[in-house]
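Peer 1: sharing a model that was predicted from the sequence below.
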Amino acid sequence: MTPGQLLLRYFHTPVGRVRRSFREGGPWAQRVTEINRREMEAAALRLGPLPDYPRSVSATLHLMTGRRFWYQTMFCLHSFAAASRATVNVVLYDDGSIDADCTSRLSAMGPTVRIIRAQELKQQLESFLPSTRYPILRERWDNYPNIRKLIDVHLGSSGWKLVLDSDILFFRRPDLLFNWLSCPDRPLHAVDCTESYGYSREIMTKLAGFPIAPLVNVGLCGLRSEDLDWDKIEFWCNELITRERTNYFLEQALVAMLVAGKPTEVAPQRDYVTLPSRSEAEEPKAIMHHYVDTSKRWYFRYGWRHILDERTRPRPLAR
């Protein structure tokens, strides 16, 4: 092993685990959270089909999912349908891990759910994003799943699409989203709890040609497929990575650059909350929660339980 590999294995990795454990409340809190997560996974099997509201306005949502996230996807969609009292049409994009069991569970949500499998997505890549012309995007598609929410949803397509992360729950009707879906004319995004682009504003602004808006969060993201210039995005990725290396937040940085200088629809932070607090997770007042980072703890302990019927809702494990 090289000195760098030794340092990663025997210093950075264990130190990172200790820091993560501390941020998540320590080993006992992590154990409790994991028990609640498993309870959420088991409860997802009892959710059944998405409700149909024939006289309501329908909504089409796009999500990437897989074997690790299928139950979160189901809770997200059921919460949206219940809060909206609307028929939900869903397009799910295989992250490469959807197997037969996962397909069966996701398909149980009913006929309004369509799953685009990995093989079909790879064929789409070969047709519209050949590796000889887009080597950086293809490498990132292989090794950085987050960028697939951009590529797989919009590549070779047209029209406006609303993309959601699976770790989102809705508690009240999201009128802003329905208004946008009924007549989209500008990009839509949520507000982050802290600015997370992974790249310096200076280089992002220079490449985009416009100032970068603060706190763009892509857990909730509406874009028009034909507005994505893949040659430009390939160039941006190459420049960002060459100058400042790869980063987990590359997808978010790219969206912030794509919407720079354009009118946007911004979901109000007070109603569409990224990183909800424990008290907010216990008694939701917002329309939507996006459970990122340390709020996963409250997601698995409290958040999903609000979606279940009051009569069958299990109590959270002791704190």
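Peer 2: Now that the structure is in, tell me what you want to look at.

Peer 1: now the helices for the protein?
Peer 2: In the chain, the segments counted as helices under DSSP state H are 3-7, 13-23, 27-44, 70-84, 100-107, 118-128, 135-143, 148-154, 175-182, 201-208, 230-244, 250-258, 278-282, 296-301.

Peer 1: how far off centre is the biggest strand by length in the chain?
Peer 2: For the chain, the strand that runs over the most residues, judged by DSSP state E, is strand 216-224. In terms of Cα atoms, centre = their mean, to the nearest Å, the centre of strand 216-224 is found 9 Å from the chain centre.

Peer 1: can you give the strand pairings for that strand, parallel or anti for each?
Peer 2: Sheet pairing of strand 216-224 (DSSP bridges) gives strand 160-164 (antiparallel), strand 188-191 (antiparallel).

Peer 1: got these as JSON lines, with distance to Arg133 columns?
Peer 2: For every residue, glycine as well, the C-beta is placed using N, CA and C. What follows is the strands paired with strand 216-224, written out as JSON lines (distance: least, Cβ to Cβ, whole Å):
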{"stretch": "strand 160-164", "distance to Arg133": "24"}
{"stretch": "strand 188-191", "distance to Arg133": "28"}
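
Peer 1: for Ile287, find the nearest of the ones you listed.
Peer 2: Among the strands paired with strand 216-224, the nearest to Ile287 by Cβ to Cβ is strand 188-191 (11.1 Å).

Peer 1: what lies in contact with that closest one?
Peer 2: For strand 188-191, the external contacting residues (Cβ atoms under 8 Å, 6 or more residues apart in numbering) are 162, 177, 180, 215-222, 255, 259, 264-269, 272, 274, 290.

Peer 1: report the contact partners of the residue nearest to the spatial centre of the chain.
Peer 2: In the chain, the C-alpha nearest the mean C-alpha coordinate belongs to Asp165, at 2.2 Å (Cα atoms, centre = their mean). Neighbouring residues of Asp165 by Cβ under 8 Å, 6+ apart: Leu63, Cys76, Val218, Gly219, Leu220, His290.

Peer 1: beta partners of the nearest residue to the fifth one once chain neighbours are set aside?
Peer 2: This points to Leu220. Leaving aside its chain neighbours, Leu220 sits nearest to Ala190 (4.0 Å; criterion: Cβ to Cβ, 6 or more residues apart in numbering). Counting by DSSP bridges, Ala190 is bridged to Asn217.

Peer 1: any low-confidence regions in the stretch 1-150 of the chain?
Peer 2: Across the stretch 1-150 of the chain, the ranges flagged by pLDDT under 70 are 1-26, 28.

Peer 1: swap in 50 and give it another go.
Peer 2: When residues are selected by pLDDT under 50, those of the stretch 1-150 of the chain lie in 12, 15, 18.

Peer 1: if we can go back for a sec, can I get the strands paired with strand 216-224 in TSV including mean pLDDT, distance to Pro211 and mean neighbour count?
Peer 2: Rendered in TSV, the data for the strands paired with strand 216-224 read as follows (pLDDT from 0 to 100; distance: least, Cβ to Cβ, whole Å; neighbours: other Cβ atoms under 10 Å):
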stretch	mean pLDDT	distance to Pro211	mean neighbour count
strand 160-164	98	24	21
strand 188-191	98	16	22
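
Peer 1: go through those and name the closest to Arg114.
Peer 2: strand 160-164 (13.2 Å).

Peer 1: and Arg31, how many residues sit next to it?
Peer 2: Arg31 has 12 neighbouring residues, counting by other Cβ atoms under 10 Å.

Peer 1: wait, what's in contact with Thr194?
Peer 2: Counted by Cβ under 8 Å, 6+ apart, Thr194 has contacts Leu215.

Peer 1: Ile115 contacts Leu106, doesn't it?
Peer 2: Yes. Counting by Cβ atoms under 8 Å, Leu106 is a contact partner of Ile115 at 6.1 Å.

Peer 1: now do the shared contacts for the two.
Peer 2: Leu92, Ile98.

Peer 1: what about these two, which has more around it?
Peer 2: A direct count of neighbours by other Cβ under 10 Å for Ile115 and Leu106 places Leu106 higher, at 22 against 16.

Peer 1: how much space separates the more buried one from Leu77?
Peer 2: 9 Å (Cβ to Cβ, to the nearest Å).

Peer 1: list residues touching both of the two?
Peer 2: Counting by Cβ under 8 Å, 6+ apart, the residues touching both Leu106 and Leu77 are Val113.

Peer 1: mind showing which ranges of the stretch 201-319 of the chain have poor pLDDT?
Peer 2: Judged by pLDDT under 50, the stretches of the stretch 201-319 of the chain that qualify are 310-316, 318-319.

Peer 1: quick one: residues contacting Ser158.
Peer 2: Arg224, Ser225, Glu226.

Peer 1: ok, and the most crowded of the residues you listed?
Peer 2: Arg224 (16 neighbours).

Peer 1: quick check: closest non-adjacent residue to that one.
Peer 2: With Cβ to Cβ, 6+ apart, the residue lying closest to Arg224 is Trp160, at 4.9 Å.

Peer 1: cool, thanks, talk later.
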